[in-house]
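1. Task: produce atomic coordinates for the following.
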Amino acid sequence: MTPGAQCFINSIVMCFLDMLNRRFNYFLFLSVLWIPLQVTGGYLYAGDADASVIESSDMLSPEERTNDRHHDEEEWYQTFWEGTVFTDGWHDITEDILISMPEVQRAGYKEYLRELGEKIGREWAKDNEVRRIDNSKLMEWGDRLKGTAADEPAALVEVIRNINNEVESILD
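-> Prediction:
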């Protein structure tokens, strides 16, 4: 394998490892990344690559890192709203909630839920080292909202307000 190909594989692996660290589980790592690398004889980190392939020009400046981090946050924020193959996004959860509410409450709570989603999503999308809302909180709130919408729609207003209060206290 040429040094250029090794560097390319290493870059892809590092991106996947970052995503693994942030959101993916071990099974996905094994099935999507580890097994194909073993088959192709790929490398897992830049230390395996020929040292001459990595040059100082490959390093990002602080400004470029800030732009890159902002881009990553925007992608995760979009994921929060749209969801993934395995999870519902805030948009779908909001629609389910609004459908479960009496029609007279829908208009008022549509904007309230959008603002709540904005607060939750912006914080969750931040880098792991600085964010204050993590995956477990998202799952807890999502399960609580979906469960209440399905089983006890009359209690939705109270549950939404309680979650908003939790979010406010976390962000203060």
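
2. Would you mind giving the domain segments of the protein?
-> 1-59, 61-172 (automatic domain parsing).

3. lowest-confidence stretch among the ones you listed?
-> Mean pLDDT per stretch puts domain 1-59 lowest among the domains of the chain, at a mean of 52.

4. Let me see the contact set for Lys126.
-> Shown here is Lys126, whose contacts under the criterion CB atoms under 8 Å, 6 or more residues apart in numbering are Glu73. C-beta here means a position set from N, CA and C on the backbone, and glycine is covered the same way.

5. show me where this structure has helices.
-> For the chain, the helices defined by DSSP state H cover 3-22, 26-28, 35-40, 62-82, 90-100, 103-124, 135-151, 156-171.

6. my read: Val167 touches Ile133, true?
-> Yes. Assessed by CB atoms under 8 Å, Val167 is found in contact with Ile133 at 7.3 Å.

7. which neighbours do those two share?
-> In contact with both Val167 and Ile133: 120, 123, using CB under 8 Å, 6+ apart.

8. if you count what's nearby, which of those two comes out ahead?
-> It is Ile133, of Val167 and Ile133, that has more neighbours when counted by other CB atoms under 10 Å, with 21 against 18.

9. distance of the more buried one from Pro102?
-> 29 Å (CB to CB, to the nearest Å).

10. tally of neighbours for Val85?
-> Val85 has 4 nearby residues by other CB under 10 Å.

11. now it: how far from Ala149?
-> 22 Å.

12. Contact partners for Ala154?
-> Counted by CB under 8 Å, 6+ apart, Ala154 has zero contacts.

13. ok, now Leu171?
-> Taking CB under 8 Å, 6+ apart as the test, what Leu171 contacts is 119, 123, 132.

14. what residues are up against the closest residue to the first one other than its chain neighbours?
-> Think Lys119. Take Lys119 and drop its neighbours on the chain: the residue closest to it by CB to CB, 6 or more residues apart in numbering is Val167, 5.5 Å away. Going by CB under 8 Å, 6+ apart, Val167 touches 116, 119-120, 123, 133.

15. now do Leu116
-> Residues counted as contacts of Leu116 (CB under 8 Å, 6+ apart) are 160, 163-164, 167.

16. 7 Å - rerun?
-> Under the criterion of CB atoms under 7 Å, 6 or more residues apart in numbering, the contact list for Leu116 reads 163-164, 167.
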